[in-house]
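J.: What follows is a predicted protein model with its sequence.
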Amino acid sequence: MPGGLTAAFTVVRFGYLGNRRKQVAGNNGDITKSDTAVAQLAEQRIPNPQVAGSIPSRRVSQDPPRTQGFGIYKFGQGYWVRVLTAICVGMIILFCAVWAYSRLAAVSIPITGYMMPLDRVTGTLSSGAAVDLYKGREKVGAAATDVFLLQDDKKSAAAVFKDVVMLPGKVTLDVDRVRIGDVAAPTFEGTVIDRQPRYLFPRAYLQGGVAGLIVLLGGLFLYRYIGTRPSTVDFLVETDAEMKKVNWSTRQIIVDSTIVVICATFLIAGYIFIADFGFSSFMEFIGILKR
């Protein structure tokens, strides 16, 4: 090594050793502290080397997949499988709603009274007045007046009776007269034209309410199990991915296969017909079967 370079190297070396002695002395003789400080300084100042042409790495997120569109889990994934599943389940829900609507037509709704239009009215009625129900001259029940509206002709009236109580074995269809007092000399009398029950609420309310509740609960079920529940959605998404791997037959292959099946069916049918005809003819020839 040339003399000038040797001298310079010696100066630098002794200078470095001198600085190290000062650092060790400042740390009370503990070399580890000095080395740790130098290492930390190196880590802060020297960035991680990047290979030329490489893409800087980024931290992989461990967060669960985000939801989009009304909280739909894995929005847009497994689209057709999820849609077709929702359509099939939706049809079942609608069928249940229609079935419930038709079955509730036979449910008995509490009756609050009867509307009985009257004709050939003699006298008048006040609200709450007690009346007797007759079939001809036979008493079949009793009721209380709820509404009584006498028409302009003074011969007909629209009446509604509540608290109807029929005698044993009698029904409202038997009623054809409404009277107050004795049969021979009533203070009020009217001929019943019709008997229409007044229900606590319309039957259509019950039918529509139950059917609508079934549809609503079914919609919530679809939203939960096809839209937001991770386990179910993951299964549908994986099913969609597997369906995309299926090698679907072409139109020509399907046509050819159908022709083969049809031809084979006719051949087998013809063979069975010929065998049956020959066997039966042989049995008739030998006298076992008779025509």
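T.: Happy to help now that I have it.
J.: From now on I want contacts and neighbour counts done on CA atoms only, so please keep to that.
T.: Noted.
J.: measure the residue nearest the centre of the chain to Cys96 for me?
T.: Geometric centre of the chain, nearest residue: Gly218, 2.1 Å, by C-alpha atoms, centre = their mean. According to C-alpha to C-alpha, to the nearest Å, Gly218 stands 10 Å off from Cys96.
J.: Equivalent analysis for Lys74, please.
T.: Relative to Cys96, and taking C-alpha to C-alpha, Lys74 is found at 30 Å.
J.: quick one, strands of the stretch 51-200 of the chain?
T.: 67-68, 72-73, 111-115, 118-122, 130-135, 138-150, 156-166, 177-181, 186-192, 196-199 (DSSP state E, counting those that start in this stretch).
J.: Which among those strands is found nearest to Tyr225?
T.: strand 72-73 (10.2 Å; C-alpha to C-alpha).
J.: Each with direction, which strands does that closest one pair with?
T.: Within its sheet, and counting by DSSP bridges, strand 72-73 is paired with strand 67-68 (antiparallel).
J.: Off-centre distance for stretch 208-228?
T.: Distance, stretch centre to chain centre, for stretch 208-228: 3 Å (C-alpha atoms, centre = their mean, to the nearest Å).
J.: Using JSON lines, lay out the strands of the stretch 51-200 of the chain together with mean pLDDT, mean neighbour count and distance to Lys290.
T.: Converted to JSON lines, the strands of the stretch 51-200 of the chain look like this (pLDDT from 0 to 100; neighbours: other C-alpha atoms under 10 Å; distance: least, C-alpha to C-alpha, whole Å):
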{"stretch": "strand 67-68", "mean pLDDT": "57", "mean neighbour count": "12", "distance to Lys290": "79"}
{"stretch": "strand 72-73", "mean pLDDT": "88", "mean neighbour count": "19", "distance to Lys290": "75"}
{"stretch": "strand 111-115", "mean pLDDT": "92", "mean neighbour count": "18", "distance to Lys290": "72"}
{"stretch": "strand 118-122", "mean pLDDT": "92", "mean neighbour count": "18", "distance to Lys290": "79"}
{"stretch": "strand 130-135", "mean pLDDT": "94", "mean neighbour count": "20", "distance to Lys290": "73"}
{"stretch": "strand 138-150", "mean pLDDT": "93", "mean neighbour count": "18", "distance to Lys290": "74"}
{"stretch": "strand 156-166", "mean pLDDT": "93", "mean neighbour count": "19", "distance to Lys290": "73"}
{"stretch": "strand 177-181", "mean pLDDT": "92", "mean neighbour count": "20", "distance to Lys290": "77"}
{"stretch": "strand 186-192", "mean pLDDT": "92", "mean neighbour count": "19", "distance to Lys290": "76"}
{"stretch": "strand 196-199", "mean pLDDT": "92", "mean neighbour count": "15", "distance to Lys290": "71"}
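J.: Now distance to Trp80 too, for the ones you listed, in a markdown table please.
T.: Converted to a markdown table, the strands of the stretch 51-200 of the chain look like this (distance: least, C-alpha to C-alpha, whole Å):
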| stretch | distance to Trp80 |
| --- | --- |
| strand 67-68 | 17 |
| strand 72-73 | 15 |
| strand 111-115 | 51 |
| strand 118-122 | 64 |
| strand 130-135 | 67 |
| strand 138-150 | 61 |
| strand 156-166 | 59 |
| strand 177-181 | 68 |
| strand 186-192 | 64 |
| strand 196-199 | 48 |
